[in-house]
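A.B. asks: have a look at this prediction, sequence included:
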Amino acid sequence: MTTSTATGSLTSGGGGEGGGADDRVMATAQQIVNSLNTTKNVREDMLLILSSFDNRLSNISDLIKTVSSSQSSVLDAAEKIILRSDSGVSSTVSCDESPKETRDYLSAVDEILDLLDNLSVEPDSEVLDRAETAVQVAMSRLEDEFRHILIRNTVPLDAQSLYGSIRRVSLSFAANEGEIDEDFASFGEVETESVCFHERGASLGDDLCVDLINSEAVMELKEIADRMIRSGYEKEGVQVYSSVRREALDECLASLGVEKLSIEEVQKIEWKSLDEKMKKWVQAVKIGVRLLLSGERRLCDVIFNGSDSAREVCFNEIAKGCLMQLLNFAEAVSIVRRSSEKLFRILDMYDALSNVFPDLEAMAMDRFVYGEAKGVLDGLGGAARGTFVEFENAVKSETSRKPMLGGEIHPLTRYVMNYVKLLVDYGDTLNFLLENDDDDELNGLQNYDGEKLQLESTAPITRRLLALLSTLESNLEEKSRLYEDGAMQYIFLMNNILYMVQKVKDSELIKILGEQWVRKHRGQIRQYATAYLRAAWTKALSCLKDEGIGGSSNNASKVALKERFKSFNACFEEIYRIQTGWKVPDPQLREELRISISEKVLPAYRSFMGRFGSQLESGRHAGKYIKYTPDDLENYLVDLFEGTPLVLHHLRRKSS
């Protein structure tokens, strides 16, 4: 029975118009009485004032007594449910109860809360005490049940299944091969014929979401939270929810491979292990913010929609622990020892954190935590810039003194080109991070027409890569001087410059460096090829000149001719013996070099033999001097640059 019903039966006894007027007066008085929420003394003073206005209010005391009696009846019924002696915690809003029992318990709580809201101006102290006691008991039990429902219905994160549903982005990646400076040696991946990858982690679909709490339990939690907020137990509800959900998020991060590590611990981790942790961190930031924290935001909005303050405090308490654990690791990474192999992971981390900032803003993240995230992002950006500079310096100062066998492609060239090829994917990020860097060291760059490069119109990453590759070329020039054979110096330079050109032409680097860069370096290769022919074959070709043989083709000195043929044979055999051990990996360059040699050597040999060969062929032991026909020489030239030295007996076996 409600208060209004009890009052209606009390005041409906009057008849006629007077009775109706009395009813209206009493109803008004009742509204005034119910609206008073002041001290007892103030209420009594106001009652005296009201009584003096109209003698029809003289029976207001009877009204109050009747209302108190009605409230006591409501309390009795509710107490039987809330305080029943044979029940424990499990008899509250529990999965062990029927839906009707659950509804009855919550309804009993509502009855008492309604009663407390509508107590009369002179409430019975016993009724008030009993109601407040019942609320305390109910809130204690609801708090426990709130915790139990949360724990029972927390959904563990299935990281493996989640990863399987995420689109992955990988970049072709090849790195160090052979022996080079220590700064490069730890990069850890070796280029083979198979494709290598630097995995950038996961790309989340916009529609991807996970259940953090069983959906059927969310409304149960909301029902309890509503009553705790209404009864003034908002703080307790927030504490319980925050505590349980923080632990749940800790477990989610653990399942994503994120550990709680101090800065000191991170600094001691070996690179291979740290690389794995950084890769997992990148995935965890994306999943943690866009799935887990977004999910927590939605849950808080639903479960605590009865209080704006509870909703905000609860979410920020939950999110703070999760984010700070992620930020602590990133901060540690940003101050560890810089080395070139770390750059890509640092850039991955920078991009991942930067990309979730709009989500953090949309979730109304705590400003302190948001500020901490901005600071860590700046730290990662500084680490990326510093690591890039370390890489540039390492290329400049790499001073390995061991020449590559056969003039092969140097590991430094492979390393740098695969490194910069991978950097292209981070072009936008690097342009932003390098935008305000000092370009004094780049002012010496020349464009391909010999005029000053217009640096102000060139993107930062373009300027830096042009300077970097120019540094690499200078370093390769130095390394070419490790070879005593001048011809081999040019083979080495051709191999390495061509490798650079191919990496640029066959990747997104072409968009940064441009076709002009490719044309310039192809021209360099042609110049090196011309210089190779001059260095390798000038001595042999000088044996085929007319000068110094004592006359015309008919009366030339046979002694001089014999010496010329013997000298040519010796030169050719020496070149063959040495240059079959040289390596030109690119088949097109290898073939072009052989054709160039043939075009230089064979016509000269054929002409020399045509003019002077007949003078020796008719003599004894002619084969001792004229050992090879032009066709023989052409056949032997195909063995050059294969990387397998061939000895003279092999040569003679072929010629026989």
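C.D. replies: Nice, thanks for sending it over.

A.B. asks: roughly how far does Glu143 sit from Pro587?
C.D. replies: 77 Å (Cβ to Cβ, to the nearest Å). C-beta coordinates here come from the backbone N, C-alpha and C atoms, glycine included.

A.B. asks: settle it for me: which of those two has more neighbours?
C.D. replies: Taking other Cβ atoms under 10 Å, Glu143 and Pro587 do not tie; Glu143 has more neighbours (18 against 9).

A.B. asks: contact partners for Leu261?
C.D. replies: 269, 328-329, 332 (Cβ atoms under 8 Å, 6 or more residues apart in numbering).

A.B. asks: pLDDT of stretch 252-265, averaged?
C.D. replies: For stretch 252-265, mean pLDDT is 91.

A.B. asks: tell me how far the ends of it are from each other?
C.D. replies: End-to-end span of stretch 252-265 (Cα to Cα, to the nearest Å): 22 Å.

A.B. asks: what packs against whatever helix or strand Thr387 lives in?
C.D. replies: Here Thr387 sits within helix 367-397, counting by DSSP states H and E. When contacts are defined as 3 or more Cβ pairs under 8 Å, 6 or more residues apart in numbering; DSSP states H and E, helix 367-397 packs onto helix 182-185, helix 308-334, helix 343-355, helix 357-362, helix 411-423, helix 427-433, helix 460-480.

A.B. asks: next up, phi/psi of Arg298, please.
C.D. replies: Reported as degrees, to the nearest 10, the phi and psi values for Arg298 are phi -60, psi -40.

A.B. asks: could you report the neighbour count for it?
C.D. replies: 15.

A.B. asks: do you know how far it is from Met363?
C.D. replies: When Arg298 is compared with Met363 (using Cβ to Cβ), they lie 10 Å apart.

A.B. asks: sketch out the strands for the stretch 151-300 of the chain, chain order is fine.
C.D. replies: With DSSP state E, counting those that start in this stretch as the criterion, the stretch 151-300 of the chain has strands at 167-172, 197-203.

A.B. asks: out of the ones you listed, which gets the lowest mean score?
C.D. replies: strand 167-172 (a mean of 40).

A.B. asks: show me where the stretch 251-400 of the chain dips below the pLDDT cut-off.
C.D. replies: Along the stretch 251-400 of the chain, no part satisfies pLDDT under 70.

A.B. asks: same question, the stretch 51-200 of the chain
C.D. replies: Ranges of the stretch 51-200 of the chain meeting pLDDT under 70: 51-74, 76-78, 85-98, 119-124, 163-200.

A.B. asks: pretty sure Leu646 sits in a strand.
C.D. replies: No. Going by DSSP: H, G, I helix; E, B strand; the rest coil, the assignment for Leu646 is coil, not a strand.

A.B. asks: now the closest residue to it other than its chain neighbours: phi and psi?
C.D. replies: Among residues not flanking Leu646 along the chain, Thr580 sits closest, at 4.4 Å (Cβ to Cβ, 6 or more residues apart in numbering). Taking degrees, to the nearest 10, you get phi -70, psi -20 for the backbone angles of Thr580.

A.B. asks: my guess is Thr580 meets Leu640, correct?
C.D. replies: Yes. Assessed by Cβ atoms under 8 Å, Thr580 is found in contact with Leu640 at 5.9 Å.

A.B. asks: packing partners for the helix or strand hosting Val109?
C.D. replies: Assigned by DSSP H and E, Val109 belongs to helix 99-117. Here helix 99-117 is seen to pack against helix 60-82, helix 125-153, helix 215-230 when contacts are counted using 3+ Cβ pairs under 8 Å, 6+ apart.

A.B. asks: give me the contacts around stretch 380-399.
C.D. replies: 180-181, 183-184, 330, 333-335, 338-340, 342-343, 346-347, 349-350, 353, 412, 416, 419, 429-430, 433-434, 437, 464, 467-468, 471-472, 475.
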